[in-house]
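**Student:** Have a look at this prediction, sequence included:
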Amino acid sequence: MRAPGLKEIAGESFIEIHCKDADRLGISDGERIIVRSRRGAIDATARVGRKVSEGETWMPFHFPDSPVNRITNAVFDEFARIPEYKVCAVKLEKMAGNKQYKRQLL
């Protein structure tokens, strides 16, 4: 959030979802949803389109309102010795009443 102009481009966290996946899950563009992994859950705004492949999602990690790295895998790759933050299985869920979700981090 310290990068000039970033807040004007995207002032809050979001998750990119392929339109076919969103249709199957009943998720609309702009809807707040729950992003859950076995490490916890956060909420984010759905961006529905074709920027990601079907069956995959993408989230930026730098927004404080949805700290996605807390629900991803911090295990180090054995060769590069970097955390595997970019690969994590998640479940997308609609929010009951589309209200703000309290983060559940394990």
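**Tutor:** On my side now, so go ahead. Keep in mind that what you see is a predicted model, and the values were worked out from it rather than measured.
**Student:** only C-alpha atoms for contact and neighbour calcs from this point on.
**Tutor:** Will do.
**Student:** Residue 15 and residue 42, how far apart?
**Tutor:** Separation of residue 15 from residue 42 (Cα to Cα, to the nearest Å): 11 Å.
**Student:** same question but for residue 94, I mixed them up
**Tutor:** The gap separating residue 94 from residue 42 is 12 Å, by Cα to Cα.
**Student:** By residue count, what's the longest strand in the chain?
**Tutor:** If you go by DSSP state E, the chain has its longest strand at strand 40-49.
**Student:** Give the pairing partners of that strand; include direction for each.
**Tutor:** strand 14-18 (parallel), strand 32-37 (antiparallel), strand 104-105 (antiparallel) (DSSP bridges).
**Student:** Tell me which of these lies nearest to residue 67.
**Tutor:** Closest of the strands paired with strand 40-49 to residue 67 is strand 104-105, at 9.9 Å (criterion: Cα to Cα).
**Student:** returning to what we had before: in CSV, list the C-alpha atoms belonging to the longest strand of the chain.
**Tutor:** Extracted C-alpha coordinates of strand 40-49, given in CSV (Å, rounded to 0.1, in the frame of the first residue of the first chain):
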residue,chain,number,x,y,z
GLY,A,40,-7.5,-20.5,8.0
ALA,A,41,-9.8,-18.2,6.1
ILE,A,42,-10.0,-14.6,4.8
ASP,A,43,-12.5,-12.7,2.8
ALA,A,44,-11.9,-10.8,-0.5
THR,A,45,-13.8,-9.3,-3.3
ALA,A,46,-14.3,-11.6,-6.3
ARG,A,47,-13.1,-10.4,-9.7
VAL,A,48,-14.7,-12.6,-12.2
GLY,A,49,-13.3,-12.9,-15.7
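**Student:** Distance from the longest helix along the chain to the middle of the chain?
**Tutor:** If you go by DSSP state H, the chain has its longest helix at helix 19-25. Put simply, helix 19-25 sits 15 Å off its chain's centre (Cα atoms, centre = their mean, to the nearest Å).
**Student:** residues contacting the residue nearest to residue 14 when sequence neighbours are not counted?
**Tutor:** Spatial nearest neighbour of residue 14, chain neighbours left out: residue 45 (4.5 Å); criterion: Cα to Cα, 6 or more residues apart in numbering. Shown in contact with residue 45 (Cα atoms under 8 Å, 6 or more residues apart in numbering): 13-15, 29-33.
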